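Enquirer: mind looking at a prediction? Sequence and model below.
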Amino acid sequence: MTILKVLNSKYPNKTAFITGAASGLGASFARLLAENGWSLHLSDINIASLEALKVTLKEAKEVHTYELDVSDKLSFERTVEAIRKSTSQIDVVINNAGIGDGEFFQNYKPDLWERMIRINLMGVYYGCHYFVPWMIEQSNGTIINIGSAAGFMNAPGMSAYNVSKAGVYALSETLYHELKSKNIHVSVVTPTFFKTNIMSQAQGSQAFVHFAEKQMHHSTTNAEEMALTVLEHAANGKFHIIHPKEARRAYFFKKWFPSLVSRQFEKMLSKFLRK
């Protein structure tokens, strides 16, 4: 059992809400918090998978599940209202739900662009919009927004995804500064590829999907490691959580050697064009 010493001591009430909790990183967050005896409010668009996860979280104090499409504002509002009826406090909100996809800009249709923005950006916005007032009322809380290294590494063939994740970063940084004085901490996570199922709903180019799946297959980082790293860093007050090491390397080169990154993207573009 992994003990989240700092997070547990910071929030003795130990109550969390997670979107996209049925699988991947969201499920890893749920399992880790359950091991530490937290009360969990878990949401996902796939309620069957979420219910299957629920029965495995035997160490959690209690588990509530909600069928939620994070891009649906009214559904999000109703979910938060239901949570308020069952708990007086929410300590940690993890805006994790998201999708991945790739395609050249001119081929990626407007409806797919809108879908990407609604889920990846508006879903995070709604999670902040509905929980920030509650956290202000209680004068504490932590919000963790799951972004991506794509928010600062804007590779070709990923325009919609890049924009959605850059928006998550911008929103998070703004809230970090605005809410600090109210004893509310905000973290944004910007990982590179790790083993997860983020491409399961991709509708763009199969070449880009194959590229992403290949990167995930060769990654040495899994969702359990990501979840632990994120919760520990957020509990210690870190704003920008860059993990795994490939993400830290990417951030370093983008900041200090942008011309090298540009040349690498040109090579990547040539490969996609040949395919």
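Expert: Perfect, thanks for sending it.

Enquirer: which residues sit in contact with the most centrally placed residue in the chain?
Expert: Note on the chain: the residue nearest the mean C-alpha position is Ile146, at 2.4 Å, using C-alpha atoms, centre = their mean. The contact partners of Ile146, taken as C-beta atoms under 8 Å, 6 or more residues apart in numbering, are 25, 94-96, 98, 124, 168, 189. Heads up, the C-betas are built off the backbone N, CA and C, glycines and all.

Enquirer: sitting in strands, which of those residues do you find?
Expert: Of the contacts of Ile146, the ones assigned to strands by DSSP state E are 94-95, 189.

Enquirer: right, and the helix or strand after the lowest-mean-pLDDT helix or strand in the chain?
Expert: Least confident helix or strand, the chain: helix 206-218 with a mean of 60, by mean pLDDT, DSSP states H and E. Next helix or strand after helix 206-218 toward the C-terminus (DSSP states H and E): helix 223-235.

Enquirer: residues near Asn183, how many?
Expert: 12 (other C-beta atoms under 10 Å).

Enquirer: isn't it right next to Ser139, touching?
Expert: Yes. Counting by C-beta atoms under 8 Å, Ser139 is a contact partner of Asn183 at 5.4 Å.

Enquirer: just for the stretch 101-250 of the chain, where's the confidence low?
Expert: Along the stretch 101-250 of the chain, segments meeting pLDDT under 70 span 194-219.

Enquirer: measure the residue nearest to the centre of the chain to Asp111 for me?
Expert: Distance from Ile146 to Asp111, counting by C-beta to C-beta, to the nearest Å: 24 Å.

Enquirer: for Gln264, same thing?
Expert: Using C-beta to C-beta, Gln264 is found at 31 Å from Asp111.

Enquirer: between the two, who's got more neighbours?
Expert: Using other C-beta under 10 Å as the criterion, Gln264 and Asp111 rank with Gln264 on top: 15 against 9.

Enquirer: make sure I have this right: that one is in a helix.
Expert: Yes. Counting by DSSP: H, G, I helix; E, B strand; the rest coil, one finds Gln264 located in a helix.

Enquirer: now it: how far from Ala160?
Expert: With C-beta to C-beta as the criterion, Gln264 and Ala160 are 21 Å apart.

Enquirer: now for the lengthiest helix in the chain, which elements pack on it?
Expert: Longest helix in the chain by number of residues, with DSSP state H as the criterion: helix 159-179. When contacts are defined as 3 or more C-beta pairs under 8 Å, 6 or more residues apart in numbering; DSSP states H and E, helix 159-179 packs onto helix 110-116, helix 123-138, strand 141-146, strand 184-189.

Enquirer: among the ones you listed, which is nearest Ser43?
Expert: Comparing the helices and strands packed on helix 159-179 by their distance to Ser43 (C-beta to C-beta), the top pick is helix 123-138, with 9.5 Å.

Enquirer: can you give me the buried ones in the closest one?
Expert: The neighbour-count criterion (16 or more other C-beta atoms under 10 Å) identifies 123-128, 130-132, 134-135 as the buried residues of helix 123-138.

Enquirer: that helix versus helix 159-179: what angle between them?
Expert: Inter-element angle recorded for helix 123-138 and helix 159-179: 10 degrees (by axes from the mean of the first three to the mean of the last three C-alpha atoms, to 10 degrees).
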